[in-house]
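K.L.:
Any chance you can model this:
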Amino acid sequence: MIAPSRRGFLSALAGGGALLALAACGASGSADPGGEARASGSAQGGGAFEFTDDRGKKVSLPAKPTRIVAQSAAAAALWDFGVRPIAVFGPHKLKDGGPDPEVGNVDISTVESLGNVWGEFNVEKYASLRPELLVSGMYLDDQLWYVPEKSKDKIEALAPTIGIRLTGKPLEQIIGKYEELARALGADTDAPEVAQAKERFEAAAAKLPELAEKGLRIMAMSGLPENMYVVAPKDHAAMDFVRGKGLDVVVPEKPDEGGFYETLSWENADKYPADVILYDARAQSMKLEEMMKKPTFADLPAVKAGQVYPWRAKERFSYLGHANMLEELIANLEKAKPGIA
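P.N.:
Now for the predicted structure:
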């Protein structure tokens, strides 16, 4: 099988189909389309707004926007900093009706849905909401995540857009950019809940160098029925962060064109010895029990030892989101034993 391109794999990662399983518009929330985004501890809407995004694009408005629409992961980050979008697009509702992990703490019953899967974006509904600002992350240069290429021009004509780069920058800088945006929107980013989350994040980060002394060799991966994908840490901010703190994270020898992963056949699942395997826990990815049906995966030392733990591949870029991720990772690694690979 030919390895997917960077764009193709990212699309697959976002989608729900089969290369399509890794890489119906969601039901509307109960939010009033005439409602406003809110920023805690602020008189949002007062004063001018100015922000330069990671495309170098400067957005200047005479007043702070209150009608904010965001891709689900961006909405989750902004929510943790006190900003309340009026609508979301991208994964936010699971088949059982519960919130998708990608949307974090966003109350999906209070926001409008413009689309729940890759390629869906209800432009007519978006227009009816009278948006004042759209926010999305970016994995590729100048491409807003989950904004369909076919309707990009129509979408961008309706309201200014802001893109925040999610790769090629340190984790703290990405979180800091969302914090800066939330502050520009009028949120109180010094609020007690934000300060507490930042303290948790910093405390967890401080534990990593000591944990690294255990000598665990760690591999992060995703799975599709045809192939497994070994994570290239430099293209995943959280993995790059923990590696920078001294943890021994596998770096694939031959990442695919464009980066992010090295594609391996399941027959070569043992290419990189590891004491611990972190598997992609997103709803779109193969479940652990499905991967266990692959004999070469089930036979790996880490799998046999039960040292296989979830990797939160799409955790939102806020202090709270990554405090949760690091605390879970630390708890799992503390009970793992080195030297089994």
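K.L.:
Does residue 59 belong to a helix, a strand or coil?
P.N.:
strand (DSSP: H, G, I helix; E, B strand; the rest coil).
K.L.:
and it, what is it in contact with?
P.N.:
Each residue near residue 59 by Cβ atoms under 8 Å, 6 or more residues apart in numbering is listed here: 49-53, 133, 160-162. Quick note: C-beta positions are derived from backbone N, CA and C, even for glycine.
K.L.:
farthest-separated two in these?
P.N.:
Spatially, the most separated pair among those is 50 and 161, at 14.9 Å (Cβ to Cβ).
K.L.:
Please compare those two by neighbour count and tell me which comes out ahead.
P.N.:
Shown here are residue 50 and residue 161; by other Cβ atoms under 10 Å, residue 161 has more neighbours (20 against 11).
K.L.:
correct me, but the more buried one touches residue 145?
P.N.:
No. Residue 161 is not in contact with residue 145 according to Cβ atoms under 8 Å; the separation is 11.4 Å.
K.L.:
Touching both of those two, which residues are there?
P.N.:
Both residue 161 and residue 145 are in contact with residue 136, where contact means Cβ under 8 Å, 6+ apart.
K.L.:
picking up where we left off before, with the contacts of residue 59 in mind, which one is nearest to residue 208?
P.N.:
Of all the contacts of residue 59, residue 208 sits closest to residue 53, with 30.0 Å by Cβ to Cβ.
K.L.:
Next up, the contacts around the closest one.
P.N.:
Going by Cβ under 8 Å, 6+ apart, residue 53 touches 59, 162-164.
K.L.:
The stretch 51-200 of the chain: helices as residue ranges?
P.N.:
With helices called from DSSP state H, counting those that start in this stretch, the stretch 51-200 of the chain shows them at 72-80, 123-128, 152-158, 171-184, 192-212.
K.L.:
how about the ones you listed in a markdown table, adding distance to residue 98 and mean neighbour count?
P.N.:
Below are these laid out as a markdown table (distance: least, Cβ to Cβ, whole Å; neighbours: other Cβ atoms under 10 Å):
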| stretch | distance to residue 98 | mean neighbour count |
| --- | --- | --- |
| helix 72-80 | 14 | 30 |
| helix 123-128 | 22 | 15 |
| helix 152-158 | 28 | 14 |
| helix 171-184 | 24 | 20 |
| helix 192-212 | 23 | 16 |
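K.L.:
Out of those helices, which gets nearest to residue 332?
P.N.:
The closest of the helices of the stretch 51-200 of the chain to residue 332 is helix 192-212. By Cβ to Cβ, the value is 10.5 Å.
K.L.:
Report all helices and strands that that closest one contacts.
P.N.:
If you count contacts as 3 or more Cβ pairs under 8 Å, 6 or more residues apart in numbering; DSSP states H and E, helix 192-212 packs onto helix 319-335.
K.L.:
buried set for the helix it packs on?
P.N.:
Buried residues in helix 319-335, counted by 16 or more other Cβ atoms under 10 Å: 319-326, 328-330, 333.
K.L.:
again, but for stretch 129-144
P.N.:
Applying 16+ other Cβ under 10 Å to stretch 129-144 flags 129, 131-139, 143-144 as buried.
K.L.:
distance of the nearest residue to residue 261 once chain neighbours are set aside from residue 80?
P.N.:
Leaving aside its chain neighbours, residue 261 sits nearest to residue 229 (3.8 Å; criterion: Cβ to Cβ, 6 or more residues apart in numbering). As defined by Cβ to Cβ, to the nearest Å, residue 229 lies at a distance of 28 Å from residue 80.
K.L.:
quick one: the residue lying closest to residue 178 once chain neighbours are set aside from residue 48, how far?
P.N.:
Once flanking residues are discounted, residue 178 sits nearest to residue 77: 4.3 Å by Cβ to Cβ, 6+ apart. Between residue 77 and residue 48 the computed distance is 23 Å (Cβ to Cβ).
K.L.:
of all the buried residues of stretch 129-144, which comes closest to residue 269?
P.N.:
Distances from residue 269 to the buried residues of stretch 129-144, taken as Cβ to Cβ, are shortest for residue 139 (25.7 Å).
K.L.:
so that closest one makes contact with residue 166?
P.N.:
Yes. Residue 139 is within contact range of residue 166, at 5.7 Å (criterion: Cβ under 8 Å).
K.L.:
about what we covered before: bridging residues for the residue nearest to residue 261?
P.N.:
Judged by DSSP bridges, the bridge partners of residue 229 are residue 222, residue 263.
K.L.:
Let's see the pLDDT reported for it.
P.N.:
If you check residue 229, the pLDDT there is 96.
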